[in-house]
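> Attaching a predicted model along with its sequence, questions to come.
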Amino acid sequence: MSPEPVHISYELSRRQRLVAHLGTWLGDWPGFLLMLAVPAIVVTLAVLKSPWFLALLLLPPLMNNLPRFVAGLFVSLLCGSEHMDVVIEEDRIGYLIGQNRLWLPLQEIVRLKRFGDVWAIVSHAANIYIPISVVDEKYVAHMRAVSDKRQERSRSKPCE
């Protein structure tokens with residue numbers, strides 16, 4: 001049985017955001033190294049062989065994660081605390097940006113991990129960081145259960 005919807009409003013400090021951001025990215029260190037290595041190799045080839053190699057940087061897989069990592073790092077370092085407004089429902093989690101609430105289905109959670117005193121909810125669309133002191137463990141367990149079900153279904157589907 002899923003818990004009742006909950007509305008959480010909290011301040012996320014610079015330290016909390018930075019710890020969760022770095023933990024999220026560096027926790028997947030092979031992917032992080034690959035994200036840095038591929039552009040470095042392409043730039044090296046462009047300098048040593050031909051500037052045409054720079055065209056490879058336009059490919060979406062190469063450009064997707066590095067800008068997100070750098071942008072998150074700069075926001076974490078340059079901005080102070082951030083007011084967060086999060087709603088957790090049975091099948092989705094929403095966070096407020098300006099006047100608009102953006103919703104992520106819980107099934108799209110890729111990873112739910114604790115870094116220090118912050119829960120990092122990672123999806124391909126966005127990362128949401130929630131201090132452990134403001135969210136009840138039953139909501140974390142519910143999000144993890146929904147995410148695990150999706151991952152089990154995707155592993156059990158045969159390749160076509």
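Yep, it's here. Numbers count the residues shown, from 1 in each chain.
> Give me the residues contacting stretch 136-146.
Outside stretch 136-146, the residues that touch it by C-beta atoms under 8 Å, 6 or more residues apart in numbering are 2-3, 6, 88, 90-91, 93, 106-107, 109, 112, 119, 121. Any C-beta I mention is one placed from the backbone N, CA and C, and that applies to glycine too.
> Selecting buried members of those residues in PyMOL, what would you type?
In PyMOL, a selection of the buried entries from those looks like this (16 or more other C-beta atoms under 10 Å):
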select buried, resi 88+93+106+109+112+119+121
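> from the contacts of stretch 136-146, which ones fall inside strands?
Taking DSSP state E as the definition of strands, the contacts of stretch 136-146 contribute 6, 88, 93, 109, 112, 119, 121.
> From residue 140, how far out is the last one?
When you say that, I think you mean residue 121. Distance, residue 121 to residue 140, using C-beta to C-beta, to the nearest Å: 9 Å.
> Which helix or strand contains residue 42?
helix 29-48 (DSSP states H and E).
> Show me what that helix is packed against.
With contacts defined as 3 or more C-beta pairs under 8 Å, 6 or more residues apart in numbering; DSSP states H and E, helix 29-48 has these neighbours: helix 60-78.
> Which strand residues bridge residue 112?
residue 121 (DSSP bridges).
> Quick check, it in contact with residue 123.
No - shown here, residue 112 and residue 123 do not form a contact pair, counting by C-beta atoms under 8 Å, at 9.8 Å.
> Low-confidence bits of the chain, can you list those?
Scanning the chain for pLDDT under 70 picks out 1-2, 28-29, 31-32, 59-65, 150-160.
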